[in-house]
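Participant: structure for the following, please:
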Amino acid sequence: MSTWRPIRRTPAWLAWMPEWLRTGIRWSLWAGLILGVLGLMVVAFYFSQAGRFDLAQVGNMPARTTILDRHGAELGGGGPNNRRLVTRKDIPDFLVNALRAREDARFFDHNGVDFRGLARATVRNVKDGDFTQGASTLSMQLARNTFEIREKSIHRKLLEIALTLRLESRYKKDEILAHYLNRIYFGAGCHGIEQAARTYFGKPTSDLNEAESSMLVGIIRGPHIFSPFRNLDAARAQQSEVLARMKTMGLLDAAGVERIKAIPIILVPQEQRVAERSYALEAIQKELQTILDDADIRDGGLTVRSSLDISWQERLEDNLAASLRKIEQSKGSQHAVHANHPPGTEPTYIQCSAVTLETKTGAILALIGGRDYSHSRYDRSTGARRDLGAAFEPWIAAAAAERGRLVLPGKPVQTGRQIGPKETIRIAKRCGISGPFVETEDVFRGSAAATPLELATGLATLGNEGKRPRPYLIQSITSADGKVLYTALPDTSPAIGRQAAREAASLLESTSGTRVHGGATGSGRDAWLARLGPKGSTAIWVGFDQPQRISSATQLDAVLEDLATRLGN
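Facilitator: Below you'll find the model as predicted:
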């Protein structure tokens, strides 16, 4: 018995084909379907992977921490980077056009991934066999820099593309531009366009001219190589390439290119390039690290109000510098001169250091760690421990007065013999001077060492009726959202009796409400000025990093006396 089956008619458009060709087409269709499904699975996988990244991080980047003096005047920046954030309205249109010409000509036309450019780069890579063409758009670079996608592999590239498409759906083009320019590195320690503009040209981004804008864009591909501080000729060559690309895109004509090239490039002078780095700012940064966790500091955006008084700090710096120039210019001086210091070498000229403390609270009003931070970063205010010489006499008097002995002004040896070296050393340590000390009668002749910070603390103890203040530099810390993270609480501890402190302080000669004491040590290798006045307690040291005689005692005493007079109250 036969079984009926429907007749499978071959479609007319296939009837003319041989069987083997029809079979091939069927398999091709099935293969295409399978590949399509696999492609969709790959797309779904990478979008799933991209979804695990927090896109809010694109705009959340470590920002510059601002450091203020006690009155709110800005001193500089701190933290692991000096980034200052800008918005699109702060960025000149010319700079945006230069950036497009150099990095992403179709930025406003694509959706984050320039598939046309990607295809062109792929063909070129296959042809050349070196895979150097990346075709990364600004959006792709932003995604890569934000999420640290550095590995060169197909997997990473697909993840980068998926992230970029998500990023473009979240942010507007102007926001992407601003985030990109805020995030990238421009060399010379500059993170972000704003700090680059200020560091290289001494102006905000909004004030950049066409020549400066095109030069900054030229830096992007090699910030270490093309920094104008390191190689101005290389920076100019990159600027020319940017302008040539703008001409190719029709954004400039030949006359415009030549006009911009003719604009002088005026860089920030060498002596001003460390303005955001000083002994005082470094000391504040160190104290900040003892108060906050590393993560909080790394995120930046903090406002740190310091205890410094910038007007007094600058007055102290200027007067000290003038005094040291007098010593260098004195008759018969054979020492190296600061003005003639060879760049890149250790300084051998005469140095200085100074600290001023607010007597009752311990707030540091001024801190000078050396003569020139650009020549040496060694902070002598806390690191240079030198013999005090005659500047140690007030603590010999304090020890004698504390034990009810007679204080003989101008006779430290006779005063000290009444109580002995050990008791003198004990009292000095309680006041904040930690030595080392020579435990013989030589300690009465000034064989006791201290740093300028310790001497200032000891002076403040005498001026605060025997209560020793704890020195500090940071008054308060506020987060980027205005939350107060820290407020300093001044702290004092009893060191010596009130009467002993008063008697010791009286040894510092009274001059218009300011008491000053000091001079050169017996060896003439160190000079100290100890000062108690309305501004607080000030300790000033003058000498060489490698101890040697400074000048004649007469000359040195005259310079120190003149310095004390100029500082006044």
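Participant: dump stretch 492-511 to CSV, restricted to CA.
Facilitator: Output in CSV follows, covering the C-alpha atoms of stretch 492-511 (Å, rounded to 0.1, in the frame of the first residue of the first chain):
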residue,chain,number,x,y,z
THR,A,492,48.9,72.9,75.9
SER,A,493,50.6,71.0,78.7
PRO,A,494,52.3,72.3,81.9
ALA,A,495,56.1,72.5,81.5
ILE,A,496,57.4,74.9,84.2
GLY,A,497,56.0,77.3,86.8
ARG,A,498,54.6,80.6,85.8
GLN,A,499,57.2,82.7,87.7
ALA,A,500,60.1,80.7,86.3
ALA,A,501,58.8,81.2,82.8
ARG,A,502,58.4,84.9,83.3
GLU,A,503,61.9,85.3,84.7
ALA,A,504,63.4,83.3,81.8
ALA,A,505,61.5,85.4,79.3
SER,A,506,62.7,88.6,80.9
LEU,A,507,66.2,87.7,79.7
LEU,A,508,65.1,88.5,76.1
GLU,A,509,65.8,92.2,75.8
SER,A,510,62.8,94.4,75.7
THR,A,511,62.4,96.5,72.6
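Participant: tell me the spacing between the closest residue to V407 other than its chain neighbours and R386.
Facilitator: Nearest residue to V407, sequence neighbours excluded (CB to CB, 6 or more residues apart in numbering): A397, at 4.6 Å. Just so you know, the C-beta spots here come from the backbone N, C-alpha and C atoms, and that holds for glycine as well. For A397, the distance to R386 (CB to CB, to the nearest Å) stands at 21 Å.
Participant: try R417
Facilitator: Per CB to CB, R417 is found 25 Å from R386.
Participant: of those two, who's got more company?
Facilitator: A count of neighbours by other CB atoms under 10 Å puts R386 above the other of R417 and R386, at 22 against 17.
Participant: surely that one and A448 touch.
Facilitator: No: using CB atoms under 8 Å, R386 is not in contact with A448; the gap is 10.1 Å.
Participant: wait, Q313 touches A366, no?
Facilitator: Yes: with contact defined as CB under 8 Å, Q313 counts as touching A366 (4.2 Å).
Participant: ok, these two, which is more surrounded?
Facilitator: Neighbour count, other CB under 10 Å: between Q313 and A366, A366 has more, with 25 against 21.
Participant: in which helix or strand does the more buried one reside?
Facilitator: Element membership of A366, judged by DSSP states H and E, is strand 364-368.
Participant: now do stretch 199-207, average pLDDT.
Facilitator: On average, the pLDDT along stretch 199-207 is 94.
Participant: actually stretch 499-518, sorry about that
Facilitator: Per-residue scores along stretch 499-518 average to 68.
Participant: do stretch 165-175 as well
Facilitator: Stretch 165-175 comes out at a mean pLDDT of 87.
Participant: do the same with stretch 542-559
Facilitator: Across stretch 542-559, the average pLDDT comes to 83.
Participant: packing partners for the one helix or strand K422 maps to?
Facilitator: Secondary structure from DSSP H and E places K422 in helix 421-430. If you count contacts as 3 or more CB pairs under 8 Å, 6 or more residues apart in numbering; DSSP states H and E, helix 421-430 packs onto helix 393-402.
Participant: what's in contact with the helix it packs on?
Facilitator: Here helix 393-402 makes contact (CB atoms under 8 Å, 6 or more residues apart in numbering) with 406-407, 409, 412, 415-416, 418-419, 423-424, 426-428, 431, 433, 444, 446, 448, 458-459, 462, 496-497, 499-501, 503-505, 507-508, 517, 530.
Participant: for R277, give me its contacts.
Facilitator: R277 makes contact with G76, Y373 under the criterion CB under 8 Å, 6+ apart.
Participant: check contacts around I310.
Facilitator: Per CB under 8 Å, 6+ apart, neighbours of I310: D69, H71, A73, L75.
Participant: now with 7 Å, please.
Facilitator: Counting by CB atoms under 7 Å, 6 or more residues apart in numbering, I310 makes contact with D69, A73, L75.
Participant: tell me the least confident of the residues you listed?
Facilitator: Minimum pLDDT across those is recorded for L75, with 89.
Participant: quick one: the helices in the stretch 151-300 of the chain?
Facilitator: Secondary structure of the stretch 151-300 of the chain, counting by DSSP state H, counting those that start in this stretch: helices at 154-170, 173-183, 193-201, 210-219, 232-248, 254-261, 279-291, 294-299.
Participant: alpha carbons only: can I get the last one in CSV?
Facilitator: Just to be clear, that refers to helix 294-299. Written as CSV, here are the backbone C-alpha positions of helix 294-299 (Å, rounded to 0.1, in the frame of the first residue of the first chain):
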residue,chain,number,x,y,z
ASP,A,294,44.9,58.2,52.1
ALA,A,295,41.7,57.6,50.2
ASP,A,296,40.2,60.9,51.4
ILE,A,297,43.3,62.8,50.4
ARG,A,298,43.5,61.0,47.1
ASP,A,299,40.0,62.0,46.1
